[in-house]
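> generate a structure from the sequence data that follows.
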Amino acid sequence: MRQVVVQTFIDRLSASIDPVELRSILADAAAAFGLHAFAYLSLPRRSDEKPFLISTYPTKWTAHYLESRYERLDPVILQIQRGTEPFEWGPGVSSAELSKRQRQLFDEAAQFDIRCGYTIPINDGRGPVAAVTFATNERHPAFSRGIERHGEGLQWMAGLYHAHIRRTLSGDRVVAGVRLSPREFDCLRWAALGKSAWDTAQILGITRRTAAFHLENAKQKLGVRTIPQAVARFSASPRSGS
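The predicted structure is shown next:
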C-alpha cells in the first residue's frame, strides 16, 4: 500500500501548481496512513512577513494563528529551529516549560481538536525553513501506527512537498515593477483567477477582511484606483506567474 500511496502522491504533486490541489494531495496521502490533519508552514524570510501556510486545520484557527503571529512563540516552531529530527509533541510528550502565552496558544488550538502531533522540520542547509505537522486531538492507536510505520516515508514526502512548493509557488512577487508582499501577491493572483475576497480567504486560511486588506494594499502600491485595474496590471505583468 505504501508504494501505491507514495507513487500517487508523486504523480499528483508533479502536475499541480494550485494551492487548493496541493492541500488535497498531501491530505489524501496522509489519510491513507491514518493521519487526518496536517499543516505545512514555510517560515518567512523577513521578520515583517508572515509565514506561508497550507493546511487542513479549521480555517478559523489558521486565520487566528496567522493574524496573532503565533509562529513567533509556538513551541513546535521554535523546536524546529533547534534541531533537524522529527519529533512528537503534546501532553505526556513535551516537557519544556511553557510561557503563559504559549499555554494560551495550546489551549486555543485544543478547542479545534489540535492537541498533539508529529512534526517534520525541513532545512535547506542554512537552517530551518519550513515544517510539516500531522496533528490529532489525541494520540490514538491509528495515529501512532501511522507515525511508526510510515515515519520515514512521511519525511521524504515532506521534503518533496516543500521543494515543489518553493519551485512552483515562490517568486520575486514583482508586478509591473512593484514588489508586493507574499500575501498581497497571493490575494491578487487569486483575484486574477476570478476568486472573490471571501473565496481567497477560504483558500489561504485567512479572514475575508484580511484578504480585502491585502488587495487594497496591492492596489495602492500599483497606483490604481480599483481592484480590477490591479488585476489587469497583474495579468499583464511578465512576472505574474512566478
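> show me where pLDDT drops low in the chain?
By pLDDT under 70, the weakly predicted segments of the chain are 95, 126, 170-172, 238-242.
> what's the longest helix in it?
Across the chain, the longest stretch assigned as helix under DSSP state H is helix 141-169.
> next secondary structure after that helix?
strand 174-175 (DSSP states H and E).
> hmm, who's touching the helix or strand just after that following strand?
Where DSSP H and E defines the elements, the next helix or strand beyond strand 174-175 is strand 178-179. Residues outside strand 178-179 that contact it (C-beta atoms under 8 Å, 6 or more residues apart in numbering) are Asp172, Arg173, Lys221, Leu222, Gly223. Just so you know, the C-beta spots here come from the backbone N, C-alpha and C atoms, and that holds for glycine as well.
> returning to that earlier point: give the buried residues for the longest helix of the chain.
143, 146-147, 150, 153-155, 157-158, 161-162, 164-166, 168-169 (16 or more other C-beta atoms under 10 Å).
> for Thr210, give me its contacts.
Contacts of Thr210 by C-beta under 8 Å, 6+ apart are Ala63, Glu67, Arg183, Ala201.
> and it, what element?
Here Thr210 is assigned to helix 208-222, by DSSP H and E.
> chain center to that helix, what's the gap?
Centroid displacement of helix 208-222 relative to its chain, using C-alpha atoms, centre = their mean, to the nearest Å, is 20 Å.
> now stretch 135-147
The answer for stretch 135-147 is 21 Å, by C-alpha atoms, centre = their mean.
> sorry, back to before: which one of the buried residues of helix 141-169 is nearest to Trp89?
Nearest to Trp89 among the buried residues of helix 141-169, counting by C-beta to C-beta, is Ile147 at 11.9 Å.
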